[in-house]
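Undergrad: Could you work out the structure for the sequence below:
(2 chains)
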2 protein chains.
Amino acid sequence: MSGVVVLKTAEAVERTVASWRSRGHSISLVPTMGALHEGHLSLVSIARKRSKRVIVSIFVNPAQFGPDEDFSEYPRTFEEDREKLSRAGAHAIFLPDEHMIYPMGFSTSVLVSGLTESLCGRFRPGHFNGVTTVCAVLFGIVRPDIAVFGRKDAQQLTVIRRMVRDLHMRVQVVSGPVVREPDGLAMSSRNRYLRTEERRQSTALYRGLCKAAELVSDGERNADRIVGRAMEIIDSSPLVMVQYIELVDPFSLKPLLRMKRKGLLAVAASVGETRLIDNIMLGPEGAIEEE
Amino acid sequence: MSGVVVLKTAEAVERTVASWRSRGHSISLVPTMGALHEGHLSLVSIARKRSKRVIVSIFVNPAQFGPDEDFSEYPRTFEEDREKLSRAGAHAIFLPDEHMIYPMGFSTSVLVSGLTESLCGRFRPGHFNGVTTVCAVLFGIVRPDIAVFGRKDAQQLTVIRRMVRDLHMRVQVVSGPVVREPDGLAMSSRNRYLRTEERRQSTALYRGLCKAAELVSDGERNADRIVGRAMEIIDSSPLVMVQYIELVDPFSLKPLLRMKRKGLLAVAASVGETRLIDNIMLGPEGAIEEE
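TA: The predicted model follows:
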């Protein structure tokens, strides 16, 4: 019934990918943790435009959750996910279990230093090591031509690009834009955790980012003033507790004192028990979209 | 004149490998730090039997030397190495500089935990992280079907096999036997550091290992007694200062209390300023050779 095949083992993926390759098809991988929303589906759509075959991995990766984080509560909605992926035109789902990715005796980690200690890394120690390690495993199993990641996870994207470059992984990393709810809240699998009033106030994050972009387009270059203005907006929503908000260089993730050619304004906040992140890329004229 | 082509950049390697692939040739990589001896050349010979094309990398990898180790003194003998590789029938040498392997902003490491803290890892903290990282980079650049390593570096071999398995690197790791001087000393690029009397006493390492093997073939199963007998032999050479000598499981590298189906007896010693390692694989009947 469903047009998308579900593969549970590395061997099954390797066989499927080999048969696609033998027909000359290019292959994209969209790594996800499931609980799919329009943001994920937009990545599938990008993947379809870029390659002949699209495989979506769904794996709630324990290694990227801290001990006090929401691994066990993380939403698992496989039947809905499969329906959505089928309609979105994905060709295969890789649905490994934990033992498939981390077999007995698994001992290897892939770390990117320098880019992973700041921003979210400060609040989620070990998180990015879990991300890079699982991506190295997934890339090793699938060997895609292209891997598609969302720009909502801006730091993750920078970290993965660095790993791919440093280790000469032969995969092109492609990014998709942040997809937002009509009121501006960035889509996230975690938004479903939000209570009504939390959900309402969460829009402050994007409103803050947009105000900062407006300041930049008006000529403001001072990072403190840009960040401070965004912070004012967000602070007026008392349920939104900012963890960090920083204007950084998008490649090095180092803080900028002044807005240069490009700056990534990134924010994380806890809203009740839910952790949300968002970001906006800024150019000299304000917000820009950039792959 | 020389039959072996020297490639200095990743791009040159990728081009050469792609042209070999287009002709259907299988490819082996023999990673080395140069200063080649018969041990290395035996790996080239194994590689030639296993694949149509052989590429030998020569890179003295700073990341696997500790701050007090011999990185700057490590012998660099490229002209001799090239001659030897040409005669041995290697097809290409990959001779990158440091910046080629670790370009500006290089930030990624590949670590194998659990296997790298014991034995040599105890005396060379960080060493194996340097080894796994550079191998991940080399495998990424060359994408060989086969990578050939010597069994003299037994722990390294175990660590690399684990990395390859965990990250689904599509390379078959093949090992070659320890090649010895006529008096039993394991060949090593560092043997040239030894003064005359040090060189003479260094044979104690292999004599100790052989005595242990003899005990096992006589039915001894107790690890302390097996190791103790080897230690006695080695201790009778006062210039040979043992760092460790341990009987371990060859897969987990965990110490064995009793000799089982298989045990790796591994030793490291300093002899003057020179650090030497050696090992012997033991089965129930004594020494065994095993790939």
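Undergrad: Contacts only, for the residue of the stretch 151-291 of chain A found nearest chain B.
TA: At 3.1 Å from chain B, A:His168 is the closest residue in the stretch 151-291 of chain A, using C-beta to the nearest C-beta. In this view, the C-beta of every residue, glycine as well, is placed from N, C-alpha and C. Applying C-beta atoms under 8 Å, 6 or more residues apart in numbering or on different chains, we find A:His168 in contact with B:Ala10, B:Val137, B:Gly140, B:Ile141.
Undergrad: How about A:Cys120?
TA: A:His127, A:Phe128, A:Gln155, A:Ala268, A:Ile277.
Undergrad: How about A:Thr133?
TA: With C-beta under 8 Å, 6+ apart, A:Thr133 has these contacts: A:Ala63, A:Thr108, A:Ser109, A:Val110.
Undergrad: For the second one, what are phi and psi?
TA: Note on A:Thr108: backbone dihedrals following degrees, to the nearest 10 are phi -100, psi 140.
Undergrad: wait, it sits on B:Met169?
TA: No - between A:Thr108 and B:Met169 there is no contact, the gap being 9.9 Å when judged by C-beta atoms under 8 Å.
Undergrad: and these two? which has more neighbours close in?
TA: A:Thr108 (24 against 21; other C-beta atoms under 10 Å in any protein chain shown).
Undergrad: how close does the more buried one sit to B:Ala136?
TA: Distance from A:Thr108 to B:Ala136, counting by C-beta to C-beta, to the nearest Å: 9 Å.
Undergrad: what do those two both touch?
TA: B:Val110, B:Met163, B:Leu167.
Undergrad: returning to that earlier point: please identify every residue contacting each of A:Thr108 and B:Met169.
TA: B:Met163.
Undergrad: can you tell me the helix or strand for A:Ala269?
TA: Counting by DSSP states H and E, the element that carries A:Ala269 is strand A:263-271.
Undergrad: follow-up on the earlier one: show me which of the contacts of A:Thr133 is closest to chain B.
TA: For those, with chain B as the reference and C-beta to the nearest C-beta as the criterion, the closest is A:Thr108, at 3.8 Å.
Undergrad: Could you look up the SS state of the residue of the stretch 151-291 of chain A closest to chain B?
TA: coil (DSSP: H, G, I helix; E, B strand; the rest coil).
Undergrad: Of the contacts of A:His168, which belong to helices?
TA: B:Ala10, B:Val137, B:Gly140, B:Ile141 (DSSP state H).
Undergrad: I'd like those as JSON lines, with neighbour count and pLDDT appended.
TA: Shown next, in JSON lines, are those (neighbours: other C-beta atoms under 10 Å in any protein chain shown; pLDDT from 0 to 100):
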{"residue": "B:Ala10", "neighbour count": "19", "pLDDT": "98"}
{"residue": "B:Val137", "neighbour count": "25", "pLDDT": "98"}
{"residue": "B:Gly140", "neighbour count": "17", "pLDDT": "98"}
{"residue": "B:Ile141", "neighbour count": "26", "pLDDT": "98"}
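Undergrad: Pipe these into JSON lines and attach distance to chain A per row.
TA: JSON lines is the format used below for those (distance: C-beta to the nearest C-beta, whole Å):
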{"residue": "B:Ala10", "distance to chain A": "6"}
{"residue": "B:Val137", "distance to chain A": "6"}
{"residue": "B:Gly140", "distance to chain A": "3"}
{"residue": "B:Ile141", "distance to chain A": "5"}
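Undergrad: could I get the residues you listed as JSON lines with distance to B:Thr203?
TA: Below are the ones in helices among the contacts of A:His168 laid out as JSON lines (distance: C-beta to C-beta, whole Å):
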{"residue": "B:Ala10", "distance to B:Thr203": "42"}
{"residue": "B:Val137", "distance to B:Thr203": "36"}
{"residue": "B:Gly140", "distance to B:Thr203": "40"}
{"residue": "B:Ile141", "distance to B:Thr203": "39"}
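Undergrad: Can you tell me which of the residues you listed comes closest to A:Pro284?
TA: B:Ala10 (34.7 Å; C-beta to C-beta).
Undergrad: Hmm, that closest one is touching B:Ile141, no?
TA: Yes - here B:Ala10 reaches B:Ile141: they are 4.6 Å apart, a contact under C-beta under 8 Å.
Undergrad: Dead centre of chain A: give me the residue that sits there.
TA: A:Asp153 (3.4 Å; C-alpha atoms, centre = their mean).
Undergrad: On the pLDDT front, check that residue for me.
TA: As predicted, A:Asp153 sits at a pLDDT of 98.
Undergrad: tell me the contacts of it?
TA: So A:Asp153 contacts A:Ile277 (C-beta under 8 Å, 6+ apart).
Undergrad: Once you drop chain neighbours, what's closest to A:Thr274?
TA: Distances taken as C-beta to C-beta, 6 or more residues apart in numbering or on different chains put A:Tyr193 closest to A:Thr274, at 4.3 Å, once the chain neighbours are dropped.
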